[in-house]
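Undergrad: Pasted the sequence and its predicted model underneath.
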Amino acid sequence: MLAMNKSKILGITVIAIVATVIISSCKDKRSTGWEYAPNMYEHIAYDPDQKNDNFKDGKTAQLPPAGTTPLGFVRFDYPNTKDGYEKAGLEVKTTLPQTQANYADGKLLFEHFCSPCHGVTGQGDGLVVAHGYPPPPSYSKGNSSRGGAMKDLTDGKIYHTITYGLNAMGSYASQLEPKERWKVIMYVHHLQTL
Amino acid sequence: MRSFSLIFKQFSRSVLLIACFAFVGTYAYAQGDAVKGEALFKAKCTACHKLDQQVVGPALGKLITDETDDKFLTKWIQNNQALIAAKNPKAVTVFNQFNQANMTVFADLTDGDVANILTYVRTEWKKMSATPAPGTGPAVVVDKGPSKIIILSLLGVIVLAFIVILVLNRVITTLERLLAKNNVTILEEEAVAGESVDRLAFLKKLAKNKKFVFFVLLCGTIFLGVYTFIGLWTTNLHQGYQPVQPIKFPHDLHAGAMKIDCQYCHSGAYKSKNATIPSLNVCMNCHKVISSAFGSKTASVEIHKIYDALGFDPATQKYDTTKAHPVQWIRIHNLPDLAYFNHSQHVKVGKIKCQTCHGPVQEMKEVYQYSPLTMKWCIQCHKRTNVDFKDNAYYANLQQVHDLLKDGKQVTASLMGGIECGKCHY
């Protein structure tokens, strides 16, 4: 009887240990788990990317009312047409100090935002293009679809293209603020000479 | 006899081989133009055109096959802008038909080059329209097809199994009836009753064993204790949280294989408190053109979720904002309101790599929370990380104060940021 009990006791010990390990290790990765004071995590104030029933479209992030300009917003009043492009090419010039620091910033921004398609050297041979994306023309050797060589593109024309996009390239106005666009253009001018 | 057949076999083989080569040779010769045209097409045209689908420019397959005036096509391809400027009626109608979008001038293409391209486009389009090709966007439709068949066949199997079970049940009942007739069942029932009485008695005996009861209680206490401890320890800890997102965005493909920088999409990380979830226009920077990836059905379905959310029609490349609805991403990294965290402070000033806190996102197919984001974790890093003062504008003021003190000069409160608005008006 005692021998039998011993084996049972051993068995139960093993079961208890295994159960502890299993329960403590199994965690549902789809759930955040227990939360104490969850109102600190799901706060009452609205985040910009949160659902909001106070607005008709259910979004917290709303567009500014029509006809208004937000504080600090730099306007670019050239329409997304060929005429607007040509006009910007003649009238818009950079006001950014041509310093080494700005150039370095422009290089970094170019590598992060443009090089996936345009390539690190601006030859239109980025990694995304290598995977089959339609290649953009080379800055130094290619021709623009709006006429003229890519290496002759002026400040205003490049700024217009970054702001509105062209052909397979989208608009980068939401990702690059005006100052950053000018920094990128500084670096693109360097790539045009390669 | 046998050797003769062998010789014949060898002979026939070589003849067949030669015939094959000859055929392939003539075939290649006939397609010579098209092969050259394909290379040119891929170099010059694919930036804006596909054969079966409108991308930046119109779908060319049908258009060029239907247009028989090769002279006009050649002139158009070589210099469309000159044609439009000369008010060629056909050129002007085409120009207006496609929203007055300019096409690149290809003055470097000779008449022969253009002819090659045209041959390529026409032969390729013939091939494409002859085979029921998986064209513009049937991936979504195709996806639904096989699943229905599978479900139906599964249902059939279940029904069949059910019928088999019913039949077997019938057989068992009839057999039991037969057994009952032979009075075998009574004996069996008695045996079963005896066993159950035995079991209960054994349990009662165990309950009276003090050592055993103590042991069970001890195990229970340890188990509950460990459970409570772990439960409390992981409360408010979201590490490893990996929710299912509305669109299965693969970071391993975008940030890993394509090496697109984190900042491309999370452009707020360098200049604001939030790293920002990209709005769909950022997706469309590329996915305006890429509607499927590597022929994968799931990729196509997921990309079409972007189109649906924007009300975008890939066939016409037009947006219908009335059909648009936001994509509701599920937040993974969530600090409670009692903690303030600023991304730009860490990324721009501290020059910390994204992966230090977010883990190897470029290898994650599905993103999860890599770090615990607990206070202990923050403090540990803040205690161990040395501040990089060199060329760091953020600490210029601190350096200035330090130099003044070293020279034995006085420092005013304003120099220490004492007149910043937020110091009083928070």
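TA: Nice, thanks for sending it over. What you see is a predicted model, and the numbers here were worked out from it, not measured in a lab.
Undergrad: Just the pLDDT at the residue positioned nearest the centre of chain A, thanks.
TA: The centre of chain A sits closest to A:Gln175, judged by Cα atoms, centre = their mean, with a distance of 5.9 Å. In this model, A:Gln175 is scored at 90, pLDDT.
Undergrad: shouldn't it be in contact with B:His266?
TA: No. Contact between A:Gln175 and B:His266 fails when scored by Cβ atoms under 8 Å: they sit 9.9 Å apart. Placement of C-beta: from N, CA and C, glycine included.
Undergrad: For the stretch 251-400 of chain B, which residues are neighbours of chain A?
TA: Within reach of chain A by Cβ under 8 Å from any Cβ of the partner chain, the stretch 251-400 of chain B has these residues: B:257-261, B:263-264, B:267, B:271, B:274, B:276-277, B:279, B:281-282, B:284-286, B:288-290, B:326, B:328-329, B:334, B:336-338, B:368.
Undergrad: Quick one: neighbours of the closest residue to the residue nearest to the centre of chain A other than its chain neighbours, just the number.
TA: Distances taken as Cβ to Cβ, 6 or more residues apart in numbering or on different chains place B:Ser267 nearest to A:Gln175, at 4.6 Å, with adjacent residues excluded. Around B:Ser267 there are 24 other residues, counting by other Cβ atoms under 10 Å in any protein chain shown.
Undergrad: cool, A:Ser171 as well?
TA: Neighbours of A:Ser171 (other Cβ under 10 Å): 18.
Undergrad: what's near enough to touch the residue in the stretch 301-426 of chain B that chain A sits nearest to?
TA: Using Cβ to the nearest Cβ, the closest approach of the stretch 301-426 of chain B to chain A is made by B:Pro336 at 3.7 Å. By Cβ atoms under 8 Å, 6 or more residues apart in numbering or on different chains, the contact list for B:Pro336 reads A:Ala37, A:Met40, A:Tyr41, B:Asn236.
Undergrad: now the closest residue to the second one other than its chain neighbours, what's its secondary structure?
TA: The reference is to A:Met40. Excluding its sequence neighbours, the residue lying closest to A:Met40 (Cβ to Cβ, 6+ apart) is B:Pro336, at 3.7 Å. Classification of B:Pro336 by DSSP: H, G, I helix; E, B strand; the rest coil places it in coil.
Undergrad: Name all residues that make contact with B:Ala207.
TA: B:Ala207 sits next to B:Val213 when contact means Cβ under 8 Å, 6+ apart.
Undergrad: helices and strands around the biggest helix by length in chain B, which ones?
TA: Across chain B, the longest stretch assigned as helix under DSSP state H is helix B:139-181. In terms of contact count using 3 or more Cβ pairs under 8 Å, 6 or more residues apart in numbering or on different chains; DSSP states H and E, helix B:139-181 is assigned the packing partners helix B:297-310.
Undergrad: What are the contacting residues of the helix it packs on?
TA: If you take Cβ under 8 Å, 6+ apart as the criterion, helix B:297-310 is touched by B:137, B:139-140, B:142-143, B:246-249, B:280, B:283-284, B:287, B:290-293, B:312-314, B:319, B:323-327.
Undergrad: ok, now stretch B:412-421?
TA: Contacts of stretch B:412-421 (Cβ under 8 Å, 6+ apart): B:Asn397, B:Gln400, B:Val401, B:Leu404, B:Lys423.
Undergrad: and if we set it to 7 Å?
TA: B:Val401, B:Lys423 (Cβ atoms under 7 Å, 6 or more residues apart in numbering or on different chains).
Undergrad: in it, what counts as buried?
TA: By 16 or more other Cβ atoms under 10 Å in any protein chain shown, stretch B:412-421 has no buried positions at all.
Undergrad: where's the residue nearest to A:Met40 relative to B:Pro243, distance?
TA: 18 Å (Cβ to Cβ, to the nearest Å).
Undergrad: B:Val114 now?
TA: Taking Cβ to Cβ as the measure, B:Val114 falls 54 Å from B:Pro243.
Undergrad: next one: A:Met169
TA: 33 Å.
Undergrad: the more surrounded of those two?
TA: More crowded of A:Met169 and B:Pro243, by other Cβ under 10 Å: A:Met169, with 20 against 17.
Undergrad: burial count for B:Asp313?
TA: Count around B:Asp313 with other Cβ under 10 Å applied: 14.
Undergrad: who's in contact with it?
TA: Taking Cβ under 7 Å, 6+ apart, we find B:Asp313 in contact with B:Asp320.
Undergrad: Show me what it bridges to in the sheet.
TA: Beta-bridge pairing of B:Asp313 under DSSP bridges involves B:Lys318.
Undergrad: what pLDDT does it get?
TA: On pLDDT, B:Asp313 comes in at 86.
Undergrad: likewise the one 3 residues further on?
TA: For B:Thr316, the pLDDT comes out at 80.
Undergrad: Could you do B:Glu195 as well?
TA: For B:Glu195, the pLDDT comes out at 56.
Undergrad: Now do residue 83: how many residues are near it, please.
TA: Because you didn't say which chain, this covers chain A. 9.
Undergrad: Let me rephrase: I mean chain B.
TA: Neighbour count of B:Leu83, defined by other Cβ under 10 Å: 19.
Undergrad: Please verify my assumption that it contacts B:Lys75.
TA: Yes. Judged on Cβ atoms under 7 Å, B:Leu83 makes contact with B:Lys75 at a distance of 5.7 Å.
Undergrad: Poorly predicted segments of the chain, please.
TA: No chain specified, so I'll use chain A. Along chain A, segments meeting pLDDT under 70 span A:1-4, A:20-27.
Undergrad: Chain B was what I was after
TA: In chain B, residues with pLDDT under 70: B:1-32, B:43, B:47, B:99, B:132-148, B:183-197, B:294-295.
Undergrad: domains in it, as residue ranges please.
TA: B:31-130, B:183-235, B:251-372, B:386-426 (automatic domain parsing).
Undergrad: looking at the ones you listed, which is closest to A:Leu153?
TA: Comparing the domains of chain B against A:Leu153 with Cβ to Cβ, the closest turns out to be domain B:31-130 (13.7 Å).
Undergrad: now the closest one, how far from the chain's geometric center?
TA: 34 Å (Cα atoms, centre = their mean, to the nearest Å).
Undergrad: now check it, is it near chain A?
TA: Yes. Contact of domain B:31-130 with chain A (Cβ under 7 Å from any Cβ of the partner chain) involves B:Thr46, B:Ala47, B:Cys48, B:Val56, B:Gln81, B:Asn102, B:Met103, B:Thr104, B:Val105.
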